[in-house]
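*Asks:* curious how this folds, go ahead:
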Amino acid sequence: MDEGNRRRIEEYVRPLAVGLDGVTNYGDVPRVVAACEKIAAGREGLDSDLLFLLAVFSGQERWVTRMGHRSRTEIFLSSLGVPRKTLQALFRGLARFQEQPATPEEEIVHDAVRLEAMGAYGIARLLAEGHRERSDFLEIAGAIEQAAAAILRTKQAELLAQERRRTMGEFARRLREEYEEFAGGPQI
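*Replies:* Okay, here's the model as predicted:
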């Protein structure tokens with residue numbers, strides 16, 4: 001797939017990727033694509049077109065699988081010359097990469113999405129989501145710990161996650177400690 005077609009696909013996804021949740025923005029798509037490239041670096045035997053498509057559509061699984069949207073997406077991608085076999089692998093992969101990745105490309109996207117939710121960037125996203133959902137600080141600390149404990153499937157992603165996990169663990173620990181320090185109220 002050439003750069004022109006990749007740009008057209010990104011333009012197709014751009015309006016879908018601007019989330020109504022107040023947190024998601026299109027910038028997340030290129031970040032996941034870049035994370036996939038970093039995780040995949042040096043690995044042989046990967047279908048780079050499938051990996052790109054899975055990465056670009058990774059936040060749009062629900063939209064793409066809804067009535068009419070899948071066929072619209074298939075028609076669009078077919079018009080760019082994406083082979084039927086790749087389209088089938090894309091839709092299979094979108095349905096399972098989050099919980100049960102079955103191919104190396106799905107594992108890479110699985111890990112890239114989880115890395116995106118880790119480290120300082122992940123903490124900032126979780127704080128924004130927690131604010132939107134009116135979560136208290138202990139709930140946010142729990143969400144941070146949960147994101148830091150995400151299971152990764154590739155050795156490269158695990159290496160990239162090490163410092164991110166430490167950052168999140170330290171932040172959650174300190175958030176809990178500082179919250180509980182004055183949780184009892186005044187002792188005057």
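*Asks:* switch to C-alpha atoms for all contacts and neighbour counts from now on
*Replies:* Will do.
*Asks:* buried stuff in stretch 68-82?
*Replies:* Counting neighbours by 16 or more other Cα atoms under 10 Å, one finds that the buried residues in stretch 68-82 are 70, 73-74, 77, 80, 82.
*Asks:* other residues contacting it?
*Replies:* Under the criterion Cα atoms under 8 Å, 6 or more residues apart in numbering, residues 1, 5, 9, 63-64, 84, 87 lie in contact with stretch 68-82.
*Asks:* mean confidence score for that stretch?
*Replies:* In this model, stretch 68-82 carries a mean pLDDT of 93.
*Asks:* please export the C-alpha coordinates of that stretch as CSV.
*Replies:* Only the C-alpha atoms of stretch 68-82 are listed here, as CSV (Å, rounded to 0.1, in the frame of the first residue of the first chain):
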residue,chain,number,x,y,z
GLY,A,68,-23.9,-0.5,6.8
HIS,A,69,-20.6,0.8,8.1
ARG,A,70,-18.8,-2.4,7.4
SER,A,71,-19.9,-2.6,3.8
ARG,A,72,-19.1,1.1,3.4
THR,A,73,-15.6,0.5,4.7
GLU,A,74,-15.2,-2.6,2.5
ILE,A,75,-16.2,-0.6,-0.6
PHE,A,76,-13.9,2.2,0.3
LEU,A,77,-10.9,0.0,1.0
SER,A,78,-11.6,-2.2,-2.1
SER,A,79,-11.6,1.0,-4.2
LEU,A,80,-8.0,1.6,-3.0
GLY,A,81,-7.0,-1.9,-4.1
VAL,A,82,-7.0,-3.6,-0.7
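*Asks:* helices and strands of the chain: which one bottoms out on pLDDT?
*Replies:* When the helices and strands of the chain are scored by mean pLDDT, DSSP states H and E, helix 61-65 comes last with a mean of 80.
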